[in-house]
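1. Need the 3D shape of this:
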Amino acid sequence: MNSKAKLLTLVQTRLIASVLLTFALSSVTVGTVIAQTKLTNQSKLFTNGIGQVRVGMTVSQASKAAGTRLVGDPPNKYCYYVKPEWGPKNVGFMVTEGRISRVDVWRDSKITTLKGAKIGDTEARIKSLYPGQIKVTPHNYVQGGHYLTFIPKDQSDQNYRVVFETDGKRVTEFRSGKLPEVEFVEGCS
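-> Numbering: from 1, shown residues only. From the prediction side, this is the model:
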């Protein structure tokens, strides 16, 4: 084989290898992106949603974004809750006027906020994660407990909050969503 033929074979081999590697990496990336869209215990809660689910979505839109059916209370035009059919557990979505208005994270959930706040954190940790942005008010039902309300500085988030409920020492549950629903202490009651 002459040197031109060897060079051509080498170039073709490298080109094929490059194409195969690019295809393999693209497949992994697409698979990762798809896997991340499903609501899981690793999904992060933020002021206006969790994972790919956003406040303002219909239940149907939120189900598609969560990658799982949302089931629960019978729909009504005022207020009801739905939860992911297959998990994560201890997460619920308040629905008002036919749209998701808040996300509740209840006891024993592994969900965290974008900054890493979670159930079991101390009040001091929450204040340190959100310096100068936490309003502390007494809990309506837990003696010595508090509501630690994160108030965003960003103008685009002014109608949203994250509310951490505590027993006076540690976070017992938290929620995020739009005003006024996120501040309803009794949910839909």
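2. Which helix or strand lies directly C-terminal to the worst-scoring helix or strand of the chain on mean pLDDT?
-> Every helix and strand of the chain was ranked by mean pLDDT, DSSP states H and E. The lowest is helix 3-37, at a mean of 48. Going down the chain from helix 3-37, the next helix or strand is strand 44-46, by DSSP states H and E.
3. who does that following strand pair up with?
-> Sheet pairing of strand 44-46 (DSSP bridges) gives strand 49-50 (antiparallel), strand 112-113 (parallel).
4. Mind checking the pLDDT average for the next helix or strand after the last one?
-> Beyond strand 112-113 in the direction of the C-terminus, DSSP H and E gives the next helix or strand as helix 123-129. For helix 123-129, mean pLDDT rounds to 98.
5. likewise stretch 47-60?
-> pLDDT averaged over stretch 47-60 gives 97.
6. how far does it stretch from start to finish?
-> 21 Å (Cα to Cα, to the nearest Å).
7. Over to stretch 52-68?
-> First-to-last residue span, stretch 52-68, Cα to Cα: 12 Å.
8. for it, which positions count as buried?
-> Residues of stretch 52-68 classed as buried: 52-55, 57, 59, 62-68 (neighbour count, 16 or more other Cβ atoms under 10 Å). Where you see a C-beta, it was placed from the backbone N, CA and C, and this is true even at glycine.
9. for the closest residue to residue 120 other than its chain neighbours, what are its contacts?
-> With sequence-adjacent residues excluded and distances taken as Cβ to Cβ, 6 or more residues apart in numbering, residue 120 is closest to residue 170, at 5.6 Å. The contact partners of residue 170, by Cβ atoms under 8 Å, 6 or more residues apart in numbering, come to 119-123.
10. Recalculate using a threshold of 7 Å.
-> Residues near residue 170 by Cβ atoms under 7 Å, 6 or more residues apart in numbering: 120-122.
11. what's the neighbour count on the residue nearest to residue 44 when sequence neighbours are not counted?
-> The shortest distance from residue 44 to any non-neighbouring residue, by Cβ to Cβ, 6+ apart, is to residue 114 (4.9 Å). As a burial measure, residue 114 scores 11 neighbours (other Cβ atoms under 10 Å).
12. Tell me if I'm right that residue 114 and residue 46 touch.
-> Yes - using Cβ atoms under 7 Å as the test, residue 114 is close enough to residue 46 to be in contact (5.0 Å).
13. distance of the most centrally placed residue in the chain from residue 153?
-> Centroid check for the chain by Cα atoms, centre = their mean gives residue 50 as the closest residue, at 1.9 Å. Taking Cβ to Cβ, to the nearest Å as the measure, residue 50 falls 21 Å from residue 153.
14. now residue 96
-> From residue 96 across to residue 153, the span is 26 Å (Cβ to Cβ).
15. more neighbours, those two?
-> Neighbour count, other Cβ under 10 Å: between residue 96 and residue 153, residue 96 has more, with 19 against 9.
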